[in-house]
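1. Output the structure for:
(one chain, ligands or ions: 1)
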Amino acid sequence: MSLYLRDATFIDWRTLEFTRGDLEVDEGDGGGIRLAEEIPAYGCVYDCGGRLVTKAFVIGHHHIYSALARGMPAPKRTPRNFVEILELIWWNIDRKLDAAMIRSCAQVVALEAALHGCTFIIDHHASPGAPSDSLHIIAEALDEIGISHLLCYELSDRDGAGARDAGLRETEAYLRQRPGLVGLHASFTVKDELLERAVGMARDFKTGVHIHVAEAASDEEHCMAEHGCTVAERLERAGALESTATLLAHCLHLTPAERAIVQDSNAWVVHNTQSNQNNNVGRFDPKGLGDRIFIGTDGMHSDVLAATRAMYLEGQAAGGLAPLAAYRRMRRVHDYLEANRIPGDGENNLVILDYPPPTPLTPENFPGHMMYGLSSRHVHAVISDGRVIMRDRQVLSADVSEVLAEARVQAQRLWEML
Ligand SMILES: [Zn+2]
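-> Okay, the predicted model is just below:
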């Protein structure tokens, strides 16, 4: 059944053209939207009252498994570098996760995504203590709240051959049933045999790999010492850059030659400004990487507008970034999903913004309003695959207080194990 949005100020996410009128929104995956000539007497109607309506947002790289870490106790000692941040914090957490904790993580992230106007998450999951069925648990929790997804399990040699093989089994079991990616942690924890098996699996399932690349300089140093080449060269030789679905997260410490390899490949780059700042690993420079770049939150939060503003401000230090260029980079993920025919990001994924502008608002300056004014507190309602999943800042598809209470119980269990 169609949903009718009465009196919407529709902003086309591609052209930024404004149209005021009634919209008909198809229900279901891949559904469309169109101006409605008239609203049927018994139609399902949402009155927008002239509010802005535009395409919902997508998080290009997330770590749902980190959701219970907020406010957790400090690690045994202060990490001195990026690898120690992984060893002392994130690998200590992900090894302890069990099914109940993973489910709470996914529910919390889905709630926050819905509140922030996001209807699609590309996630990179790790739970070496409980790999089996972990991706299905996440998928079901996101489905229940109405968040579409492209998931993967983080394959790595960091926990030995048993954990590696369990990760491969989980990846294969998931890809047999759902679209997804083949996750790899990073070059420095992935041996040649695993890289080869992962790329082979991605080929078999006609998908790509999703890997952290040169997030810290140590990834490159390890690759040169262990494999005698740069990370991008290693991935290229293994065939990991051939798929148009391949995602390379971070790409901070690439040489000019590596940038050329990435640009000439089919892979996409995901930029995570706030995580880079949090880990003090360096600043992203898009130079020489081409234009297949979009943005992620890397587990920091589920707020695309906040991530876009951070990326925009960071861009000023890297030679300048126009509001329109930042807007386009935030939106580029829709092209990635469409090019790879990944379901869940049709035109019937919409956000209704309650944003009374204090200055004139036009198609030309909408990106400027987004960088300096619009924030997730203006997200009034969210439509996912043609269904309203959040309205008046209330998530409809979950008992929010119940989900949060359960998450606090699971977080306490996790923290006691750290
Ligand atoms: Zn990441």
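
2. ok, how many other residues are close to the residue in the stretch 251-400 of the chain positioned nearest to the ion?
-> Nearest residue of the stretch 251-400 of the chain to the ion (CB to the ion) works out as residue 298 at 4.3 Å. To be clear about C-beta, it is placed using only N, CA and C from the backbone, and glycine gets the same treatment. Using other CB atoms under 10 Å, residue 298 has 27 other residues around it.

3. Can you report how many residues lie near residue 293?
-> Neighbourhood size, residue 293 [other CB under 10 Å]: 22.

4. Ok, residue 81 next?
-> Around residue 81 there are 14 residues (other CB under 10 Å).

5. ok, which stretches of the stretch 151-300 of the chain are helices?
-> Along the stretch 151-300 of the chain, counting by DSSP state H, counting those that start in this stretch, helices occupy 160-175, 192-204, 217-227, 231-237, 256-264, 273-279.

6. Distance to the ion, mean neighbour count and mean pLDDT added to those helices, as JSON lines?
-> Shown next, in JSON lines, are these (distance: least, CB to the ion, whole Å; neighbours: other CB atoms under 10 Å; pLDDT from 0 to 100):
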{"stretch": "helix 160-175", "distance to the ion": "16", "mean neighbour count": "18", "mean pLDDT": "98"}
{"stretch": "helix 192-204", "distance to the ion": "16", "mean neighbour count": "17", "mean pLDDT": "98"}
{"stretch": "helix 217-227", "distance to the ion": "12", "mean neighbour count": "16", "mean pLDDT": "96"}
{"stretch": "helix 231-237", "distance to the ion": "15", "mean neighbour count": "22", "mean pLDDT": "98"}
{"stretch": "helix 256-264", "distance to the ion": "17", "mean neighbour count": "16", "mean pLDDT": "98"}
{"stretch": "helix 273-279", "distance to the ion": "7", "mean neighbour count": "19", "mean pLDDT": "92"}
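
7. gap between the residue of the stretch 251-400 of the chain closest to the ion and residue 63?
-> Distance, residue 298 to residue 63, using CB to CB, to the nearest Å: 6 Å.

8. quick revisit: can you list the helices of the stretch 151-300 of the chain in CSV and add distance to residue 246?
-> Below are those laid out as CSV (distance: least, CB to CB, whole Å):
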stretch, distance to residue 246
helix 160-175, 15
helix 192-204, 8
helix 217-227, 17
helix 231-237, 8
helix 256-264, 10
helix 273-279, 20
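
9. isn't residue 333 right next to residue 60, touching?
-> Yes. If you go by CB atoms under 8 Å, residue 333 and residue 60 touch, sitting 4.6 Å apart.

10. ok, the nearest residue to residue 247 once chain neighbours are set aside - contacts?
-> What sits nearest to residue 247 in space, not counting adjacent residues and going by CB to CB, 6 or more residues apart in numbering, is residue 210, at 4.4 Å. Residues near residue 210 by CB atoms under 8 Å, 6 or more residues apart in numbering: 61, 122, 124, 152, 181-184, 246-247, 249.

11. now residue 23
-> Contacts of residue 23 (CB under 8 Å, 6+ apart): 4-5, 8, 10, 33-36, 53.

12. Thought residue 297 was touching residue 59, still the case?
-> Yes. Judged on CB under 8 Å, residue 59 makes contact with residue 297 at a distance of 5.4 Å.

13. Distance check, residue 358 against residue 369.
-> Applying CB to CB to residue 358 and residue 369 gives a distance of 9 Å.

14. okay, these two: which has more neighbours?
-> residue 369 (20 against 8).

15. Tell me which helix or strand that one sits in.
-> Following DSSP states H and E, one finds residue 369 within helix 366-372.

16. ok now stretch 109-126, how far from the chain's centre?
-> Put simply, stretch 109-126 sits 7 Å off its chain's centre (CA atoms, centre = their mean, to the nearest Å).

17. Can you name the element that comes right after the lowest-mean-pLDDT helix or strand in the chain?
-> Taking mean pLDDT, DSSP states H and E as the measure, helix 82-85 is the helix or strand of the chain with the lowest mean score, a mean of 90. Downstream of helix 82-85, the next assigned helix or strand under DSSP H and E is helix 91-94.

18. who touches that following helix?
-> 65-66, 68-69, 72, 75, 126-129, 158, 414, 418.

19. Try it again at 6 Å.
-> 65, 69, 126-127, 418 (CB atoms under 6 Å, 6 or more residues apart in numbering).

20. out of those residues, what pair is the most spread apart?
-> 126 and 418 (15.5 Å; CB to CB).

21. what does this protein have sitting close to the ion?
-> 249, 298 (CB under 5 Å from the ion).

22. Break the chain into its domains for me.
-> Taking automatic domain parsing as the domain assignment, the ranges for the chain are 3-55+345-391, 57-339.

23. How far off centre is the first one?
-> For domain 3-55+345-391, the distance between its averaged C-alpha position and the chain's averaged C-alpha position is 22 Å (CA atoms, centre = their mean).

24. What of the last one?
-> Domain 57-339 has its average C-alpha position 8 Å from the chain's average C-alpha position, going by CA atoms, centre = their mean.

25. Do me a favour and get the end-to-end distance for stretch 380-390?
-> Terminal residues of stretch 380-390 are spaced 8 Å apart (CA to CA, to the nearest Å).

26. ok, and what's touching it?
-> With CB under 6 Å, 6+ apart, stretch 380-390 has contacts from 3, 25-29, 31, 114, 117, 119, 146, 348-352, 354, 391, 396-397.

27. Now the buried members of the residues you listed.
-> 3, 25-26, 31, 114, 117, 119, 146, 348-352, 396-397 (16 or more other CB atoms under 10 Å).

28. Among those, which lie within helices?
-> residue 114 (DSSP state H).

29. how about residue 98, phi and psi?
-> The phi and psi values for residue 98, taken as degrees, to the nearest 10, are phi -120, psi -180.

30. Assess the claim that it and residue 132 are in contact.
-> No. Residue 98 lies out of contact with residue 132 (CB atoms under 6 Å); the separation is 10.9 Å.

31. Now the helix holding residue 369: average pLDDT?
-> The average pLDDT within helix 366-372 is 98.

32. what comes up buried for stretch 357-376?
-> For stretch 357-376, using 16+ other CB under 10 Å, the buried residues are 361, 365-371, 374, 376.

33. can you name the two of the residues you listed that are farthest apart?
-> 365 and 376 (20.1 Å).

34. ok, which stretches of the stretch 1-150 of the chain are helices?
-> Under DSSP H, counting those that start in this stretch, the stretch 1-150 of the chain gives helices at 82-85, 91-94, 99-115, 134-145.

35. Please consider this matter closed, and thank you.
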